[in-house]
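**Q** how would this look folded up:
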Amino acid sequence: MSKRRKFSAEFKAKVALEALTGELTLTELASKYDVHPTMIADWKRQAKEGMVASFSGKAATAKKDSEAEIRELHAKIGQLTVEKDFLERAFAKR
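**A** Got it, this is the predicted structure:
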């Protein structure tokens with residue numbers, strides 16, 4: 001049984017961009033880069049969706065949402081740490 005191969009983001013972007021240009025077919029690209037044509041089609045679709053998101057402003061909104069979520073999670077971690085420390089001290093006194 002073979003191991004899964006992992007491809008870098010740069011490699012995926014290069015292959016997807018070449019697929020988007022349409023100079024070579026997916027089959028030709030697959031043999032050129034030794035990758036299955038279905039993977040290239042998926043990368044091509046993801047590249048198109050990424051471009052649409054970047055032009056529509058959804059990427060910036062998603063980044064702001066994730067930053068807000070990170071701040072919220074950090075606050076929750078701080079709160080839980082304080083509660084844990086309080087409970088440890090309370091039970092240590094007994």
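**Q** what about the chain, any weak spots by pLDDT?
**A** The model of the chain has pLDDT under 70 over residues 1, 57-60, 94.
**Q** Check which helices and strands the lengthiest helix in it sits against.
**A** Among the segments of the chain that qualify as a helix by DSSP state H, the longest is helix 58-92. Applying 3 or more C-beta pairs under 8 Å, 6 or more residues apart in numbering; DSSP states H and E, one finds that helix 58-92 contacts helix 37-56. The way it works is simple: take the backbone N, C-alpha and C, and place the C-beta from them, glycine included.
**Q** quick one, domains of this protein?
**A** By the assignment in automatic domain parsing, the chain contains the domains 9-56, 61-94.
**Q** Same question for the last one: list its buried residues.
**A** Meaning domain 61-94. Using 16 or more other C-beta atoms under 10 Å as the test for burial, domain 61-94 gives no buried residues.
**Q** And that domain, how far out from the chain middle?
**A** A distance of 25 Å separates the centroid of the chain from that of domain 61-94, by C-alpha atoms, centre = their mean, to the nearest Å.
**Q** what number of residues lie near L20?
**A** Around L20 sit 13 other residues, with neighbours defined as other C-beta atoms under 10 Å.
**Q** Can you name the helix or strand that it falls in?
**A** L20 is part of helix 9-21, with elements assigned from DSSP states H and E.
**Q** how much does whatever helix or strand comes next after that helix deviate in direction from helix 9-21?
**A** Sequence order places helix 26-33 as the next helix or strand after helix 9-21, per DSSP H and E. Angle between the axes of helix 26-33 and helix 9-21 is 150 degrees (criterion: axes from the mean of the first three to the mean of the last three C-alpha atoms, to 10 degrees).
**Q** quick one: helix 26-33 to chain centroid distance?
**A** A distance of 25 Å separates the centroid of the chain from that of helix 26-33, by C-alpha atoms, centre = their mean.
**Q** same check, this time on stretch 4-11
**A** Here stretch 4-11 is found 13 Å from its chain centre; the criterion is C-alpha atoms, centre = their mean.
**Q** residues making contact with it?
**A** With contacts defined as C-beta atoms under 8 Å, 6 or more residues apart in numbering, stretch 4-11 is touched by Y33, V35.
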